[in-house]
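Peer 1: please find the sequence and the predicted model below.
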Amino acid sequence: MALMNIQLRHVRCLLAVAGERSFARAAEKLAVSQPALSQTISQLEETLGFEIFQRTTRSVTLTKDGEALCEYAQKLNRAMESFYRDVKSLQLSVHNSLRVGYLIGTAVEFIPKITQEFERRFPNATLEFIEYDFNNPDAGLASGKVDCGIFRPPVDTTNINIVEIARERCVACLPDGHPLSLQETVEVEQLLDEPFIAAPGSGIWRDYWLAGQYRNGREARVVFEAATVDSELQAVAMRKGISITAESTARFYARPGVAFRTITNMDECVIAIGYKHPANPLVRELIDVARSVAR
């Protein structure tokens, strides 16, 4: 292997072993196997024509030549870290705006905090939120009008990456006076024969909120379709039927005429950020902010 074929992975492996004084600990730090790490160092020594490390069964130490090499490697590593920081700044200056779709009623408690923290970290970037109703459960990803979407999976949209941000319990939305509203909690099986308020259209997202995975093929009795949280809960208050929603809805959309009861045996629902490749670099930054806010 010619000198020009020395790669950054060789440098990083060298610095890891030199720092840890152990191939086993260095391999763990780098998340590689010990044999692979040993092979990389052997390749580097073969290319250079001198030993970098003196190895015994009990210790690993740098040779005199290895110490000199390590100094050069540290300078290169610092230079590369500076290079990555500068390139990241360049990326963010080119992509200085982010369009975020969000499904109505989703992450209601998070979005203001996400906005504040994102603007604090990236004061020169523009963050635009676009609301979508239940006709677009993927929050605009399929249309290509947004860089990413905040929604509750599952969705039918293909070829998207989904990153979980938070989870919360599911609740039943019941008209006041409904027999199940007299209970402190309910089980999903108690809801399956009830008339349901559903999202418009069809698909995996609508089916999820009709408790489709618990029906064993039994069809839901849909009596009304609603495209927003307000129209859904208004229909429940008018005693047209019941619905299932997320726990945060009970906190932020509570109103007279509707009782919310936790569904004890239904899996928690997920709040997620979805995006397509190639992604605006600010998407990853938004995900980091959202995760920190959700925690």
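Peer 2: Right, received. Where do you want to start?
Peer 1: for the stretch 151-295 of the chain, what spans make up the strands?
Peer 2: According to DSSP state E, counting those that start in this stretch, the stretch 151-295 of the chain carries its strands in the segments 161-168, 170-175, 185-186, 195-198, 221-225, 243-246, 258-263, 269-275.
Peer 1: Val155 is nearest to which of these?
Peer 2: Among the strands of the stretch 151-295 of the chain, strand 269-275 comes nearest to Val155, with 7.4 Å by C-beta to C-beta. C-beta: built from backbone N, CA, C; applies to glycine.
Peer 1: and that closest one, how far out from the chain middle?
Peer 2: Averaging C-alpha positions (C-alpha atoms, centre = their mean, to the nearest Å) puts strand 269-275 6 Å from its chain's average.
Peer 1: what residues are up against Phe134?
Peer 2: If you count contacts by C-beta atoms under 8 Å, 6 or more residues apart in numbering, Phe134 has them with 103-104, 199-200, 206, 226-228.
Peer 1: do a quick rundown of the helices in the stretch 151-295 of the chain.
Peer 2: Ranges of helices in the stretch 151-295 of the chain, per DSSP state H, counting those that start in this stretch, are 204-209, 229-237, 247-252, 281-294.
Peer 1: mind listing what Ala125 touches?
Peer 2: By C-beta under 8 Å, 6+ apart, the contact set of Ala125 is 92, 96-98, 118-119, 282.
Peer 1: tell me which two of those residues sit farthest apart.
Peer 2: With C-beta to C-beta as the measure, no two of the contacts of Ala125 lie farther apart than Leu92 and Glu119, at 13.4 Å.
Peer 1: just to revisit the earlier point, save the contacts of Phe134 as CSV, and put in neighbour count, pLDDT and distance to Thr158 too.
Peer 2: Output for the contacts of Phe134, formatted as CSV (neighbours: other C-beta atoms under 10 Å; pLDDT from 0 to 100; distance: C-beta to C-beta, whole Å):
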residue, neighbour count, pLDDT, distance to Thr158
Leu103, 23, 97, 18
Ile104, 18, 95, 23
Ala199, 23, 97, 19
Pro200, 12, 96, 21
Arg206, 19, 97, 17
Ala226, 21, 98, 26
Ala227, 16, 97, 23
Thr228, 16, 97, 26
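Peer 1: between these, which is closest to Ile162?
Peer 2: Closest approach to Ile162 among the contacts of Phe134 (C-beta to C-beta): Leu103, at 13.1 Å.
Peer 1: so the closest one touches Pro153, yeah?
Peer 2: No. With contact defined as C-beta atoms under 8 Å, Leu103 does not reach Pro153; the gap is 10.3 Å.
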